[in-house]
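A.B. asks: What follows is a predicted protein model with its sequence.
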Amino acid sequence: MPKMKTKSGAKKRFKVTATGKVLAGYGNKRHNMRKRAQQMKRKARGMKVLSKGHAEKVKHQWLPYA
């Protein structure tokens, strides 16, 4: 049986922690930032922990060896 391939888009977008949580960056930060509220820009820094359902999908379908 050949090895499964990791989705290359997922490699760039998600990070799996040592405890198995999946981190993802916040969206809507690419352009038109002058229109965004300062509070939104502040809260969208860094990465967030995905919910359990989304994390399971990412780990099993897109990052099989994570």
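C.D. replies: Received, thanks.
A.B. asks: May I have the beta-bridge partners of the residue most central in space within the chain?
C.D. replies: When Cα atoms, centre = their mean is applied to the chain, the residue found nearest the centroid is Ala24 (2.2 Å). When bridges are called by DSSP bridges, Ala24 pairs up with Phe14, Lys48.
A.B. asks: Now stretch 12-27: buried residues?
C.D. replies: Neighbour-count burial for stretch 12-27, counted by 16 or more other Cβ atoms under 10 Å, picks out Phe14, Val22, Ala24. C-beta here means a position set from N, CA and C on the backbone, and glycine is covered the same way.
A.B. asks: What's the local residue count around Met4?
C.D. replies: Neighbour count for Met4, taken as other Cβ atoms under 10 Å: 10.
A.B. asks: To which secondary structure element type does it belong?
C.D. replies: Here Met4 is recorded as coil under DSSP: H, G, I helix; E, B strand; the rest coil.
A.B. asks: for the one 5 residues further on, same thing?
C.D. replies: Counting by three-state DSSP, the backbone at Gly9 sits in helix.
A.B. asks: OK, contacts around the closest residue to it other than its chain neighbours?
C.D. replies: Closest residue in space to Gly9, ignoring its immediate chain neighbours: Trp62 at 7.8 Å, by Cβ to Cβ, 6 or more residues apart in numbering. Shown in contact with Trp62 (Cβ atoms under 8 Å, 6 or more residues apart in numbering): Thr6, Lys7, Gly9, Ala10, Phe14.
A.B. asks: Cool, thanks, talk later.
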